[in-house]
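Chemist: sequence and predicted structure, then a few things I'm wondering about:
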Amino acid sequence: MADHQEASVTLPSEPVSVSAARRYVAQVLAEWGLPAGTDTGETVRLIVSELATNAVQHTFGQSPTFTVDLRLEREEQLRLGVTDSHPRRPQRLPAAVQQDNGRGMVIIRSLAKEYGGRLTVTPTPDGGKTVWIALPWHVPVSVPVEH
């Protein structure tokens, strides 16, 4: 396998694109050796779902598209980024705030931490931002089934 692999997809900022982003990420992860149904694979799908939802809901129509980037570095670290062209950075809600929504970043941070990863937000040259999640890359070792 190469030292560095990348995959990327740009989707319209519409609710239907959230499920398209999840499917795309699942397909790429499978191609890179992480089959569907693993804890790590499901966690990454949940993270991309939350990030894509934020890119659709919280850019207030000012970002016509969002981009999902996946980077696998030396089979050691997976970086997942979602980029939109809205300049507003994700907001962290205080724990005391009672809302039905707005918990996506709390979920993402918690999952990243649980898996030994980290979250960063970087500005883009066009004034938008990319929310990056870096996670250790763990591909399950298949154990032969004895009969």
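Modeler: Good, I have the coordinates.
Chemist: residues contacting the helix or strand hosting Ser17, please?
Modeler: In the assignment (DSSP states H and E), Ser17 maps to helix 16-31. Outside helix 16-31, the residues that touch it by Cβ atoms under 8 Å, 6 or more residues apart in numbering are 7, 9, 11, 36, 41, 44-45, 48-49, 52-53, 56, 66, 68, 70, 80, 82. (Each C-beta comes from the backbone N, C-alpha and C, glycine too.)
Chemist: which positions in that helix come out as buried?
Modeler: Residues 17-18, 21-22, 24-26, 28-29 are the ones in helix 16-31 that count as buried (16 or more other Cβ atoms under 10 Å).
Chemist: check the gap between the most centrally placed residue in the chain and Gly127 for me.
Modeler: Centroid-nearest residue in the chain: Val48, 3.2 Å away (criterion: Cα atoms, centre = their mean). For Val48, the distance to Gly127 equals 23 Å [Cβ to Cβ, to the nearest Å].
Chemist: cool, and Pro87?
Modeler: According to Cβ to Cβ, Pro87 and Gly127 sit 5 Å apart.
Chemist: repeat for Lys113
Modeler: In this view, Lys113 and Gly127 are 29 Å apart by Cβ to Cβ.
Chemist: re the thing from before, any idea how far the residue lying closest to the residue nearest to the centre of the chain once chain neighbours are set aside lies from Pro87?
Modeler: Nearest residue to Val48 in three dimensions, chain neighbours excluded: Val25, at 4.8 Å (Cβ to Cβ, 6 or more residues apart in numbering). As judged by Cβ to Cβ, Val25 and Pro87 stand 25 Å apart.
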